[in-house]
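S.K.: coordinates only, sequence not included:
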């Protein structure tokens with residue numbers, strides 16, 4: 001039950017020995033967006049939101065609370081699609097998702113009705129990851145990667161999957177072009193979304209409901225750690241054939 005102002009690095013450092021883990025060079029800590037957002041005070045009470053006319057209009061189409069839609073608009077660069085039950089946007093951080101990533105689940109404020117509270121994504125997931133990584137590295141004297149993840153839906157497929165929304169000290173994309181396969185053929189186009197692959201694996205461990213496991217310790221990440229950021233994973237608009 002992380003609260004605004006809590007130090008996630010302190011919570012992680014206390015949890016590690018309780019789980020018989022000592023950090024080593026090359027380890028990665030994967031954190032659920034929810035605890036990052038809570039620690040950064042990204043809780044909002046809908047009772048305090050006044051919807052704009054545009055939010056009211058989109059609320060009619062989507063069937064969602066106009067106050068909720070107002071927050072979606074404030075968190076977005078562009079609205080891409082609206083239909084009953086769904087609003088798809090480009091978030092300020094560059095990725096496309098439903099509802100600007102704003103969530104009701106496992107969220108509760110100190111006052112008011114629980115259903116009035118929602119949680120926004122971190123303002124900048126890369127900065128959040130970098131801050132946590134710096135504190136963990138300083139305390140442990142190790143070289144680490146930190147990944148912040150969220151559960152998003154995908155075009156063409158049902159079901160949510162963990163994806164990266166911020167990282168520090170690890171690659172987002174790994175370029176394998178030019179490497180030989182088993183038969184000596186040199187790969188031509190293969191670039192691996194390594195951070196998203198790890199996000200999906202960690203999300204499977206975390207769970208989605210009442211599991212209460214917001215941090216996953218990773219050892220054996222198969223690519224060298226380096227400075228990376230979310231922008232590596234976001235396809236440029238002029239290359240996006242589906243928008």
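M.R.: Ah, there it is. This is a predicted model, so every value here is computed, not measured. Residues are numbered from 1 along each chain as shown.
S.K.: any idea which strand is longest in the chain?
M.R.: Counting residues, the longest strand found in the chain (DSSP state E) is strand 157-168.
S.K.: pLDDT on whichever helix or strand comes after that one, on average?
M.R.: Sequence-wise, the next helix or strand downstream of strand 157-168 (DSSP states H and E) is strand 174-175. Strand 174-175 carries an average pLDDT of 90.
S.K.: Please name every helix or strand in contact with the longest strand of the chain.
M.R.: Secondary-structure packing of strand 157-168 (3 or more C-beta pairs under 8 Å, 6 or more residues apart in numbering; DSSP states H and E): helix 125-140, strand 145-154, helix 194-206. Glycine gets a C-beta too; all of them are placed from N, C-alpha and C.
S.K.: in the first one, what counts as buried?
M.R.: Of the residues in helix 125-140, those with enough neighbours to count as buried (16 or more other C-beta atoms under 10 Å) are 125-126, 128-133, 135-137, 140.
S.K.: hmm, who's touching it?
M.R.: 7-9, 12-13, 23, 29, 31, 33, 36, 40, 93, 122, 142-148, 164-169, 229-230 (C-beta atoms under 8 Å, 6 or more residues apart in numbering).
S.K.: pLDDT below threshold where in the chain?
M.R.: 109-114 (pLDDT under 70).
S.K.: Now with 90, please.
M.R.: 1, 103-116, 154-156, 175-179, 181-182, 184-185, 187, 189-190, 207-212, 237-243 (pLDDT under 90).
S.K.: count of neighbours near residue 94?
M.R.: Residues lying near residue 94 (other C-beta atoms under 10 Å) number 14.
S.K.: do residue 106 as well
M.R.: Neighbour tally, residue 106, other C-beta under 10 Å: 17.
S.K.: That one and residue 34 touch, don't they?
M.R.: Yes - with contacts counted by C-beta atoms under 8 Å, residue 106 reaches residue 34, the gap being 6.1 Å.
S.K.: Mutual contacts of these two, please.
M.R.: In contact with both residue 106 and residue 34: no residue, using C-beta under 8 Å, 6+ apart.
S.K.: Need the three-state assignment for residue 58.
M.R.: helix (DSSP: H, G, I helix; E, B strand; the rest coil).
S.K.: got a list of what the closest residue to it other than its chain neighbours touches?
M.R.: Of all residues not flanking residue 58 in the chain, residue 69 sits nearest, at 5.0 Å (C-beta to C-beta, 6 or more residues apart in numbering). When contacts are counted by C-beta under 8 Å, 6+ apart, residue 69 touches 51, 55-56, 58-59, 62, 87.
S.K.: who does the longest strand of the chain pair up with?
M.R.: When sheet partners are counted by DSSP bridges, strand 157-168 sits next to strand 145-154 (antiparallel).
S.K.: Can you tell me which of the buried residues of helix 125-140 lies closest to residue 209?
M.R.: Checking the buried residues of helix 125-140 against residue 209 with C-beta to C-beta, the nearest one is residue 125 at 22.7 Å.
S.K.: For the closest one, give its distance to residue 16.
M.R.: 22 Å (C-beta to C-beta, to the nearest Å).
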